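Q: structure of the sequence below:
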Amino acid sequence: MFVRPDNWASLTWQQKRELRLNHWIKAEDVKFVSKEAEQGYEARATRLAKAVKMELPDRVPCMLPTGWYPAMYAKVPLKKVMYDPALMKKVWLNFVDDFDSDTFDGTLFFNASVNDAMEAKTMRWPGHGLPDDAHSYQYVEGVYMKADEYDLFMKDPFDFQLRYLLPRTMGVFEPFKDVPSFASYQGLPNRLMAMCQDPRFQKLFKAIKEASKYTEPWNKAAAETTNGARARGFPVFRGGLAVAPFDVFADNLRGTQGIVMDMFRQPDKIHQAMEFVLPQLISGAIAMCDMADCPVVMMPLHKGDDTFMSDKQFEVFYWPTFRRQLLAMVEDGLVPYPVAEGAYNRRLEYISDMPKSAIAWMFDQTNMANAKKTVGRVSCIAGNVPVSIAYTKTAAEMKEFCRKLIETCAPGGGYILTGGATFDMAKPENLRAMMEAANEYGKY
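A: This next block holds a predicted model:
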């Protein structure tokens, strides 16, 4: 865990970040399998840290965005891995042993057994709403918070989740939709005892107990897998996870249809709600990074791209609170890593308004030459090898595409070679070609 020095408040954000990055690079909690692995870890982490700071590393870092690819590589159905944490650990560490990368992309974080027990309504996965041979899972978007419930959410988020959100998103929690608010403590013991006598709540409590049995071994296997990858010399380029304030509501609560209606019918409620969640998003990201020892905050962005909203709407609804969120994390020494899903070609000038070297942006379908000329002047940029090349092209074509990306984005530093999205079904030779390109063409 990262521990702040006594003079933390008097440090600049650059000094705070340096302390955090050095703590991550030293990795004093890791028991490396060999001296070579320890040296490899330090070299990879240092390479990434220099890229983030827009300095010149020994070469361009390369992050293989593998997603669920380790299961496909091992020829093990994803459905099987999702229900077997021991198998998941074996499959993922097998991939680590066979592929060179500058990072470990993380384990499978979807626990199918828990979702089964909770009767999850917001997800579909192999054998549960998707074909048994599906290679990923699917989020089911819906209006899980009604248009007139913003105030309920802001008044008491816990009560809203317990009595409104969970009954709509997890089947076993449906009994809570008929329960009065817990805001008053009077009569609470009697109410709890009455709930225990209700067959519907007995089912819920049994499901929670059942789910807890699956959670512990899964978390243990995930931690052992991550620690195993680090011990082999591969750092994890992610300490925390956060989303933009607008996406809190657009993704998980109001859904696309609901949030679009609200932008026209009740824009003030959106702004009030974003202001309400902003401090929580910031403090949550900081706490996660403290615990994980890594200052990088991955931030998947979904509703800010060119196709979802106009420039004016981006100026009004998305960018102001998101910018303040980024700056607050930077001030605490964190490295925000926004993943700009979709195209951000019309957003480049907006997101260039940041302190130099404070942010690392990953781009999906954005023109990287333009990104280098704009955002690349002040921020590290990463991306954007298409999944289509990883899936369908030859290794030679993959290598050539990466060479051109490096020539476009690497001059002067501040570039990380990676995909525009995860490569769940890539050809193994194309992943190796990507790493070869970084080694051959990415030297400074």
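Q: and the nearest residue to E210 once chain neighbours are set aside, how far from Y139?
A: Leaving aside its sequence neighbours, E210 sits nearest to A117 (C-beta to C-beta, 6 or more residues apart in numbering; 4.7 Å). C-beta here means a position set from N, CA and C on the backbone, and glycine is covered the same way. Distance of A117 to Y139, given as C-beta to C-beta, to the nearest Å: 19 Å.
Q: do A147 as well
A: A147 is 21 Å from Y139, by C-beta to C-beta.
Q: now do A273
A: 21 Å.
Q: these two: which has the busier surroundings?
A: When A273 and Y139 are compared for neighbours, A273 comes out ahead with 22 against 10, by other C-beta atoms under 10 Å.
Q: check which helix or strand covers the more buried one.
A: helix 267-292 (DSSP states H and E).
Q: and the next helix or strand past that helix?
A: In N-to-C order, the element after helix 267-292 by DSSP H and E is strand 296-301.
Q: what comes into contact with that following strand?
A: 52, 237-244, 247, 285, 288-289, 329, 334-341, 360 (C-beta atoms under 8 Å, 6 or more residues apart in numbering).
Q: narrow these to those that are buried.
A: Among these, those classed as buried by 16 or more other C-beta atoms under 10 Å are 52, 237-244, 247, 285, 288-289, 329, 334-341, 360.
Q: next one: M54 from I416, what distance?
A: Where I416 is concerned, M54 sits at a distance of 11 Å (C-beta to C-beta).
Q: mutual contacts of those two, please.
A: C380.
Q: more neighbours: these two, which one.
A: I416 (28 against 20).
Q: what about D148, neighbour count?
A: Using other C-beta under 10 Å, D148 has 9 neighbouring residues.
Q: and it, helix, strand or coil?
A: Classification of D148 by DSSP: H, G, I helix; E, B strand; the rest coil places it in coil.
Q: distance check, it against V60.
A: In terms of C-beta to C-beta, D148 sits 51 Å off from V60.
Q: how about A287?
A: A287 is 32 Å from V60, by C-beta to C-beta.
Q: same question, H302
A: From H302 to V60 the distance is 28 Å (C-beta to C-beta).
Q: between these two, which one's more packed in?
A: V60 (25 against 18).
Q: okay, the residue lying closest to that one once chain neighbours are set aside: pLDDT?
A: Distances taken as C-beta to C-beta, 6+ apart place G442 nearest to V60, at 3.1 Å, with adjacent residues excluded. pLDDT, G442: 97.
Q: buried set for stretch 164-177?
A: In terms of neighbour count (16+ other C-beta under 10 Å), stretch 164-177 has its buried residues at 164-170, 172-176.
Q: stretch 292-309 now?
A: Neighbour counts over stretch 292-309 (16+ other C-beta under 10 Å) mark 292-306, 308-309 as buried.
Q: would you map the helices across the stretch 151-300 of the chain?
A: 157-160, 166-169, 188-197, 199-231, 245-252, 255-265, 267-292 (DSSP state H, counting those that start in this stretch).
Q: helices or strands next to the third one in the packing?
A: In this case it means helix 188-197. Where contact means 3 or more C-beta pairs under 8 Å, 6 or more residues apart in numbering; DSSP states H and E, helix 188-197 is packed against helix 199-231.
Q: what does the longest one give?
A: For helix 199-231, the packing partners by 3+ C-beta pairs under 8 Å, 6+ apart come out as helix 85-98, helix 112-118, helix 188-197.
Q: does Y69 touch M425 like I think?
A: Yes - counting by C-beta atoms under 8 Å, Y69 touches M425, with 7.2 Å between them.
Q: neighbour-wise, which of these two wins?
A: Y69 (23 against 15).
Q: what residues of the worst-scoring helix or strand of the chain on mean pLDDT count as buried?
A: Counting by mean pLDDT, DSSP states H and E, the chain has its least confident helix or strand at helix 188-197, which shows a mean of 81. Using 16+ other C-beta under 10 Å as the test for burial, helix 188-197 gives M195.
Q: quick check: the closest residue to A292 other than its chain neighbours vs T103, distance?
A: Ranked by C-beta to C-beta, 6+ apart and with sequence neighbours excluded, the top spatial neighbour of A292 is G239, at 3.8 Å. Noted for G239: a distance of 12 Å to T103, by C-beta to C-beta.
Q: same check on Q15?
A: Q15 is 25 Å from T103, by C-beta to C-beta.
Q: more neighbours: which of these two?
A: T103 (24 against 14).
Q: surely that one forms part of a strand?
A: No - under three-state DSSP, T103 sits outside any strand and is assigned coil.
Q: A229 - nearest residue in space that isn't next to it in sequence?
A: Nearest to A229 is F104, by C-beta to C-beta, 6+ apart, at 3.7 Å.
Q: residues contacting the one you found?
A: 96, 226, 229-230, 234-236.
Q: what helix or strand is R47 on?
A: With DSSP H and E as the test, R47 turns up in helix 35-52.
Q: contacts made by the helix or strand that that helix is followed by with the rest, please.
A: Next helix or strand after helix 35-52 toward the C-terminus (DSSP H and E): helix 69-73. Contacts of helix 69-73 with the rest of the structure, by C-beta under 8 Å, 6+ apart, involve 77-78, 81, 91-92, 94-95, 98, 108, 135, 422-426, 428, 431.
Q: alright, calling it a day.
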